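J.: Sequence first, then the predicted structure, then my questions.
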Amino acid sequence: MWILQKKKIEHDFKTVSKLVSYATESTATLRIKNLKGVKAKELMLWPPENEITLEDPLTGKIQFKSLAGITKTFPVEAFAAGQ
């Protein structure tokens, strides 16, 4: 996957209280590993996210892993269109 946009975008996912930054170029393999250009604010830092995993579809959870070793799991519906 490869996304190009004119400028960096920040989006606040209010349901899970996370501010996320998307760079002008964001890339990932089909399994969304080796993700580049996406960061989520954690305390006062912006560690880059490098992996996104959808857990068992029955649980409805999505897991984010950062290069800093931080792993967070959230409900998938928190990232639905319009959130």
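T.: Sure, I can see it.
J.: Going by C-alpha atoms from here, please, whenever you check contacts or count neighbours.
T.: Noted.
J.: quick one: buried residues of the longest strand along the chain?
T.: For the chain, the strand with the greatest residue count under DSSP state E is strand 18-27. For strand 18-27, the neighbour count (16 or more other Cα atoms under 10 Å) marks Val20, Ser21, Tyr22, Ala23, Ser26, Thr27 as buried.
J.: What pairs with that strand, parallel or antiparallel?
T.: Strand 18-27 has its sheet partners listed here by DSSP bridges as strand 2-4 (antiparallel), strand 9-13 (antiparallel), strand 36-40 (antiparallel).
J.: could I get these as a markdown table with mean pLDDT?
T.: Output for those, formatted as a markdown table (pLDDT from 0 to 100):
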| stretch | mean pLDDT |
| --- | --- |
| strand 2-4 | 76 |
| strand 9-13 | 91 |
| strand 36-40 | 85 |
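J.: which one of those strands is the most hemmed in?
T.: With neighbours defined by mean count of other Cα atoms under 10 Å, none of the strands paired with strand 18-27 is more surrounded on average than strand 36-40, at a mean of 20.
J.: I figured Ser21 was touching Phe13, is that so?
T.: No. At 10.9 Å, Ser21 does not count as touching Phe13 under the criterion of Cα atoms under 8 Å.
J.: Verify the stated contact: Ala40 with Ser21.
T.: Yes. Assessed by Cα under 8 Å, Ala40 is found in contact with Ser21 at 6.3 Å.
J.: Could you find the closest non-adjacent residue to Lys7?
T.: Nearest non-adjacent residue to Lys7, counting by Cα to Cα, 6 or more residues apart in numbering: Thr24, 5.2 Å away.
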